[in-house]
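> I need the structure of the sequence given here:
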Amino acid sequence: MNDLSSDSHRQEVNPHLRQILKKKMDLSLSQMVKGILQGDTGMLSRAITLVESTRAEDRNLAADLIRECLPHSGRSQRIGITGVPGVGKSTFIETFGSYLIQKQNRKVAVLAVDPSSQVSHGSILGDKTRMEALSQSPLAFIRPSPSAGSLGGVARKTREAIILCEAAGFDTIIIETVGVGQSETTVKSMVDLFMLLLLPGAGDELQGIKKGIMEMADLIVIHKADGDNAKRANLASADVRRALRLYPEDPREWTIPVELCSSLEETGIEDIWMDVEKFFRHGEIKGFIQENRKEQAEFWLRESVGELLHDSFFQHPRVAKQWPTVKKEVIEGRISPFEAARSLMSSFTGDNSDLSV
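Prediction:
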């Protein structure tokens with residue numbers, strides 16, 4: 001079905017979707033590139049909508065657009081922010097982003113990776129509403145993640161959105177993880193600095209934080225360190241520092257800072273920014289920022305190949321024809337999933353010889 005045809009669910013979410021997509025399709029590639037390079041946020045939004053489209057013709061145009069914008073990207077500081085629900089990520093991002101715009105003369109783009117949205121529709125749209133002051137700044141751009149799709153698909157679109165935002169002149173890109181689990185690892189693979197927000201009472205909090213997430217952090221912030229929480233925040237800071245001493249020494253020779261912050265009282269924000277600047281200076285001197293980006297580029301190359309193969313596999317007519325029968329046999333326990341996969345792969349490749357893995 002054509003994306004511009006009637007779809008009650010999609011039009012219920014956005015009654016102007018047809019008009020938005022039509023305007024997007026009427027734009028030429030050169031017009032979109034020119035608008036993005038001039039910092040037109042309206043054009044940037046349309047470009048990201050194009051990147052998020054699943055239409056074959058849109059994917060081809062999006063690939064051309066990314067290719068044109070790529071030489072103008074790569075000059076931002078990419079910061080990932082994660083934390084458990086209730087830690088105040090949205091409030092922190094608004095306060096932090098506003099500080100960067102007002103005090104540091106920076107342009108800030110906020111993107112999100114939300115793998116939970118397919119089931120729960122996430123909370124990023126609400127987050128955008130709560131970032132009202134930041135969203136009204138002409139030097140800020142806030143983009144919700146797609147409302148459906150796999151983590152891999154959402155992440156790929158977020159990575160391409162980073163390229164477009166950088167081409168539009170945004171020098172600070174903040175990637176917020178809305179989901180939990182694998183989303184942290186995914187965001188780590190597309191940012192330079194990974195920031196973990198914790199709540200006061202870290203003795204209990206640390207029990208709910210996977211060790212791997214703590215190890216990924218380049219900067220840890222004890223948030224909501226105000227009022228009755230101030231004392232608990234100091235205790236939490238000490239607990240986190242003790243926990244960090246148990247971790248192996250960082251080969252980058254970077255000591256993870258632990259800061260206290262209150263977005264409500266706007267305290268600790270400047271110290272956090274000083275840590276961020278120190279990290280990037282250290283990274284430039286040691287060379288790990290650029291090396292990390294090279295490794296990330298290779299990682300996303302492999303991910304992209306995997307995604308394209310996945311799509312080609314399940315769209316292949318022989319696989320599609322065989323799939324219902326094979327799936328039934330697996331469900332009923334007549335063949336193993338591995339044997340079924342080998343059979344489907346033979347259909348996909350047209351090779352009936354033995355497949356070694």
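> Longest helix of this protein, counting residues only.
As assigned by DSSP state H, the longest helix anywhere in the chain is helix 288-315.
> any low-confidence regions in the stretch 51-200 of the chain?
Residues of the stretch 51-200 of the chain that meet the criterion pLDDT under 70 lie in 114-130, 145-154, 179-182.
> Do a quick rundown of the strands in it.
Using DSSP state E, counting those that start in this stretch, the strands of the stretch 51-200 of the chain run over 77-83, 108-113, 140-142, 172-177, 193-198.
> For residue 313, find the nearest of those.
Ranking the strands of the stretch 51-200 of the chain by proximity to residue 313 (C-beta to C-beta) places strand 108-113 first, at 24.7 Å. For glycine as for every other residue, the C-beta is placed from the backbone atoms N, C-alpha and C.
> Neighbouring strands of that closest one in the sheet, and parallel or not?
strand 140-142 (parallel), strand 172-177 (parallel) (DSSP bridges).
> Just list whatever residues bridge to the residue nearest to the spatial centre of the chain.
Centroid-nearest residue in the chain: residue 113, 3.6 Å away (criterion: C-alpha atoms, centre = their mean). Beta bridges link residue 113 to residue 177 when assigned by DSSP bridges.
> need the strands of the stretch 51-200 of the chain in TSV with distance to residue 280, can you?
Shown next, in TSV, are the strands of the stretch 51-200 of the chain (distance: least, C-beta to C-beta, whole Å):
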stretch	distance to residue 280
strand 77-83	6
strand 108-113	15
strand 140-142	20
strand 172-177	11
strand 193-198	7
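> which of those sits most buried?
Stretch with highest mean neighbour count among the strands of the stretch 51-200 of the chain: strand 108-113 (a mean of 28; mean count of other C-beta atoms under 10 Å).
> Would you mind pulling the contact partners of it?
If you take C-beta atoms under 8 Å, 6 or more residues apart in numbering as the criterion, strand 108-113 is touched by 93, 97, 100-101, 122, 124, 127, 131, 134, 139-145, 151, 154-155, 158, 161-162, 165, 168, 170, 172-179, 183, 186-187.
> Of the residues you listed, grab the buried ones for ChimeraX.
Remark: buried members of the contacts of strand 108-113, expressed as a ChimeraX selection using 16 or more other C-beta atoms under 10 Å:
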select :93,97,100,101,122,124,127,131,134,139,140,141,142,143,144,145,151,154,155,158,161,162,165,168,170,172,173,174,175,176,177,178,179,183,186,187
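> picking that back up, the residue nearest to the centre of the chain and residue 81: what is the separation?
According to C-beta to C-beta, to the nearest Å, residue 113 stands 11 Å off from residue 81.
> which residues are common contacts for those two?
175-177.
> Using CSV, lay out the residues you listed together with distance to residue 75.
As requested, the shared contacts of residue 113 and residue 81 are exported to CSV (distance: C-beta to C-beta, whole Å):
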residue, distance to residue 75
175, 16
176, 21
177, 24
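> Go through those and name the one nearest residue 286.
Lowest distance from residue 286 to the shared contacts of residue 113 and residue 81 (C-beta to C-beta) belongs to residue 175, with 22.6 Å.
> pretty sure that closest one contacts residue 158?
Yes - counting by C-beta atoms under 8 Å, residue 175 does reach residue 158; the two are 6.7 Å apart.
> tell me, what's touching the two both at once?
111-113, 190.
> export these to JSON lines and tack on distance to residue 350?
What follows is these, written out as JSON lines (distance: C-beta to C-beta, whole Å):
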{"residue": "111", "distance to residue 350": "41"}
{"residue": "112", "distance to residue 350": "41"}
{"residue": "113", "distance to residue 350": "37"}
{"residue": "190", "distance to residue 350": "36"}
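> Determine which two of those are furthest apart.
112 and 190 (12.2 Å).
> hey, what's in contact with both of these two?
158, 175.
> Any figure for the gap between residue 274 and residue 105?
Counting by C-beta to C-beta - residue 274 and residue 105 are separated by 16 Å.
> quick revisit: closest to residue 245 out of the strands of the stretch 51-200 of the chain?
It is, among the strands of the stretch 51-200 of the chain and with distance given as C-beta to C-beta, strand 193-198, at 16.5 Å.
> Run through who's touching that closest one.
77-84, 87-89, 92, 184, 187-188, 205-206, 209, 213-214, 216-223, 236, 240, 276, 279-280.
> Only whichever of the residues you listed are buried, select them in ChimeraX.
Applying 16+ other C-beta under 10 Å to the contacts of strand 193-198, the buried members can be selected in ChimeraX as follows:
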select :77,78,79,80,81,82,83,87,88,89,92,184,187,188,205,206,209,213,214,216,217,218,219,220,221,222,223,236,240,276,279
